[in-house]
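*Asks:* below are the sequence and a predicted model; questions follow.
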Amino acid sequence: MRSFSLIDFASLFIALRWTVALVVLALLFGAPFALGLAMGRISRFAGLRWTMAALIQVIQSVPLLGLLFFFYFGMPVFLGIQVPALVAVTVAYTLYTAAFLGEIWRGGLEAVKQAQWEAGACLGLSAWQQFHHIVAPQALRLSLPPTVGFLVQLIKGTSLASILGFVELARAGQVVSAATFQPLLTYALVAAIYFALCLPLTLWSRSLEARLDGSR
């Protein structure tokens, strides 16, 4: 047993890099997938809409911890493939991010009135030009507040990656607590760091939402 020191405090911030890295990876790979899901959900083809809706429903119905377990522990059993921890975590968080952002962005796209598409068609714009110049900017503005809100959820969800051996913020807190036998102080600091990360995003999301309501 030893007392809590600056080294322990520093180790929490060093572990924070994995928390940030997991969020960046989830957004980097999940955002394009989410856009594809959102576009599929508003497609004119019923089969594509149903397929995308079913995929989103399946992913959202599985706990994030279940996704992590499946890709890390399940793939060797079902497919005989040994998946590295980083790959398993990236795939799990990518699917998780894509499913939730896909629904958020689908709502933003559907909130843009059909007349906006028709106005673009009247101007001789292609379907891509209508989406890029007219619909997407409006949908982005509508979707930004809940997207930022989901980012807060994603940051907190990275704590589950410790199950696969990642020493991110929550896992670093467990290690420091076990070494110093000061769980109250350690987890209070962990909570404070999470709070410092999430509070600005929460306030930004509320500000965007209030600004959007006011502009209406």
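*Replies:* That came through, no problem.

*Asks:* tell me the pLDDT at residue 2?
*Replies:* Here, the pLDDT recorded for residue 2 equals 68.

*Asks:* for the longest helix seen in the chain, packing partners?
*Replies:* When the chain is parsed with DSSP state H, its longest helix is helix 6-41. Counting contacts by 3 or more CB pairs under 8 Å, 6 or more residues apart in numbering; DSSP states H and E, helix 6-41 is packed against helix 46-61, helix 85-111, helix 136-157, helix 169-180, helix 183-215. All C-beta spots, glycine's among them, are computed from the backbone N, C-alpha and C.

*Asks:* and among the ones you listed, the most buried is which?
*Replies:* Per-stretch averages of neighbours, counted by mean count of other CB atoms under 10 Å, single out helix 85-111 among these, with a mean of 21.

*Asks:* helix/strand/coil for residue 43?
*Replies:* When classified by DSSP: H, G, I helix; E, B strand; the rest coil, residue 43 comes out as coil.

*Asks:* which residues touch it?
*Replies:* 49, 52 (CB atoms under 8 Å, 6 or more residues apart in numbering).

*Asks:* in terms of pLDDT, where does it sit?
*Replies:* So residue 43 comes in at 84 (pLDDT).

*Asks:* kindly report the same for residue 20.
*Replies:* What the model reports as pLDDT for residue 20 is 93.

*Asks:* ok, residue 29 next?
*Replies:* Looking at residue 29, the pLDDT reads 96.

*Asks:* how near is the residue nearest to it when sequence neighbours are not counted to residue 42?
*Replies:* Sequence neighbours aside, residue 94 is the residue nearest to residue 29 in space, at 4.2 Å (criterion: CB to CB, 6 or more residues apart in numbering). Distance, residue 94 to residue 42, using CB to CB, to the nearest Å: 22 Å.

*Asks:* ditto for residue 68
*Replies:* In terms of CB to CB, residue 68 sits 30 Å off from residue 42.

*Asks:* neighbour count winner among the two?
*Replies:* residue 68 (23 against 17; other CB atoms under 10 Å).

*Asks:* isn't the more buried one right next to residue 159, touching?
*Replies:* No - contact between residue 68 and residue 159 fails when scored by CB atoms under 8 Å: they sit 11.2 Å apart.
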